[in-house]
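Chemist: Next come a sequence and a model predicted from it.
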Amino acid sequence: MYKSHFKRNDMSTKLTLTLDKEIIEQAKKYAKGENRSLSNIIENYLKLITKEQKNKNKKINPLIASLKGSFKAPKDLDYKKELEARLEKKYL
């Protein structure tokens, strides 16, 4: 069962949306399958994207910013295999 990562407050306000009928029906089926309300899904999505926007606006430490682009990984790098190999080497 899905558990929301966001706190629920009692400051609910109605919102009217105009959406494609088919999308609404698919969303309702999805919500029912997840045992959640469509309002809950939409509210959590909006919280998520607004939180991501806030994170984008945060200033990056100048030292960290200076490192950006300093490492170029090969396009065919499989980081999971690389990590596994390094961890095996370190711990086995």
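Modeler: Done, it's in.

Chemist: for the chain, which residue is closest to the average position?
Modeler: What sits nearest the mean C-alpha location of the chain, by C-alpha atoms, centre = their mean, is L48, with 6.6 Å.

Chemist: And the helix or strand harbouring that one, what's buried?
Modeler: Using DSSP states H and E, L48 falls within helix 38-56. For helix 38-56, a neighbour-count test (16 or more other C-beta atoms under 10 Å) marks N40, I41, E43, N44 as buried. Where you see a C-beta, it was placed from the backbone N, CA and C, and this is true even at glycine.

Chemist: show me what contacts the spatially closest residue to the second one that is not a sequence neighbour?
Modeler: I take that to be I41. Nearest residue to I41 in three dimensions, chain neighbours excluded: A31, at 5.5 Å (C-beta to C-beta, 6 or more residues apart in numbering). A31 makes contacts with S37, L38, N40, I41, as judged by C-beta atoms under 8 Å, 6 or more residues apart in numbering.

Chemist: could those residues go into a markdown table alongside pLDDT?
Modeler: Listed next are the contacts of A31 as a markdown table, based on pLDDT from 0 to 100:
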| residue | pLDDT |
| --- | --- |
| S37 | 93 |
| L38 | 93 |
| N40 | 92 |
| I41 | 92 |
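
Chemist: got these as CSV, with distance to E88 columns?
Modeler: Listed next are those as CSV, based on distance: C-beta to C-beta, whole Å:
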residue, distance to E88
S37, 46
L38, 46
N40, 43
I41, 41
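
Chemist: could you pull out the helices for this structure?
Modeler: 21-33, 38-56, 62-67, 79-91 (DSSP state H).

Chemist: quick one: average confidence on the first one?
Modeler: In this case it means helix 21-33. Averaged across helix 21-33, the pLDDT comes to 94.

Chemist: In CSV, could you pull the C-alpha coordinates for it?
Modeler: What follows is helix 21-33 as a C-alpha-only set of coordinates in CSV (Å, rounded to 0.1, in the frame of the first residue of the first chain):
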residue,chain,number,x,y,z
LYS,A,21,-12.1,12.5,-20.3
GLU,A,22,-10.0,9.4,-21.2
ILE,A,23,-7.2,10.6,-19.0
ILE,A,24,-9.6,11.1,-16.1
GLU,A,25,-11.0,7.6,-16.4
GLN,A,26,-7.5,6.1,-16.6
ALA,A,27,-6.4,8.1,-13.6
LYS,A,28,-9.5,7.0,-11.6
LYS,A,29,-8.7,3.4,-12.4
TYR,A,30,-5.1,3.9,-11.3
ALA,A,31,-6.1,5.6,-8.1
LYS,A,32,-8.6,2.8,-7.3
GLY,A,33,-5.9,0.2,-8.0
